[in-house]
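Enquirer: attaching a predicted model along with its sequence, questions to come.
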Amino acid sequence: MAAEEILVDARGHRCPVPTFRLRKALEAAPAGARVRLLADDPMARIDVPHFAAEAGAEILGREDIDGGFSFLIAKP
């Protein structure tokens, strides 16, 4: 059974706020946790993958949703 996702809804905020919220959620989450980030700032397309690479986190999925994006990230 898959672990529950931690949802971080950063829609309506401009970068770097979505990335900051993602960082806080990953820091608080246990190893192996999955965090879903919702964002609608176009810069998130660039910032989130860059942050994930720096943090050693894995992006499991990315999709466009309702004028924004949904990223699923796994904490190492």
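Expert: Alright, I've got the coordinates.
Enquirer: for the nearest residue to Arg11 once chain neighbours are set aside, give its distance to Leu60.
Expert: Leaving aside its sequence neighbours, Arg11 sits nearest to Asp40 (C-beta to C-beta, 6 or more residues apart in numbering; 4.6 Å). All C-beta spots, glycine's among them, are computed from the backbone N, C-alpha and C. Applying C-beta to C-beta, to the nearest Å, the value for Asp40 to Leu60 is 20 Å.
Enquirer: please apply the same query to Ala31.
Expert: Going from Ala31 to Leu60 by C-beta to C-beta gives 15 Å.
Enquirer: mind checking which of the two has more residues around it?
Expert: The neighbour count for Ala31 versus Leu60, taken as other C-beta atoms under 10 Å, is higher for Leu60 (12 against 7).
Enquirer: which ones are touching the more buried one?
Expert: 34, 72-74 (C-beta atoms under 8 Å, 6 or more residues apart in numbering).
Enquirer: neighbours of the residue lying closest to Val17 once chain neighbours are set aside, how many?
Expert: The shortest distance from Val17 to any non-neighbouring residue, by C-beta to C-beta, 6+ apart, is to Ala10 (5.9 Å). Ala10 has 23 neighbouring residues, counting by other C-beta under 10 Å.
Enquirer: wait, Ala10 touches Arg21, no?
Expert: Yes. Contact criterion C-beta atoms under 8 Å: Ala10 and Arg21 qualify, at 4.9 Å.
Enquirer: quickly list what's touching both of the two.
Expert: Taking C-beta under 8 Å, 6+ apart as the contact rule, Ala10 and Arg21 both touch Leu37.
Enquirer: make sure Arg14 is actually in contact with Met43.
Expert: Yes. Counting by C-beta under 8 Å, Arg14 does reach Met43; the two are 7.4 Å apart.
Enquirer: strands of the chain, start to end?
Expert: Per DSSP state E, the chain carries strands over the ranges 5-9, 34-39, 58-65, 68-74.
Enquirer: for the most centrally placed residue in the chain, list each beta-bridge partner.
Expert: Nearest to the geometric centre of the chain sits Leu37, at 3.6 Å (C-alpha atoms, centre = their mean). Counting by DSSP bridges, Leu37 is bridged to Val8, Phe71.
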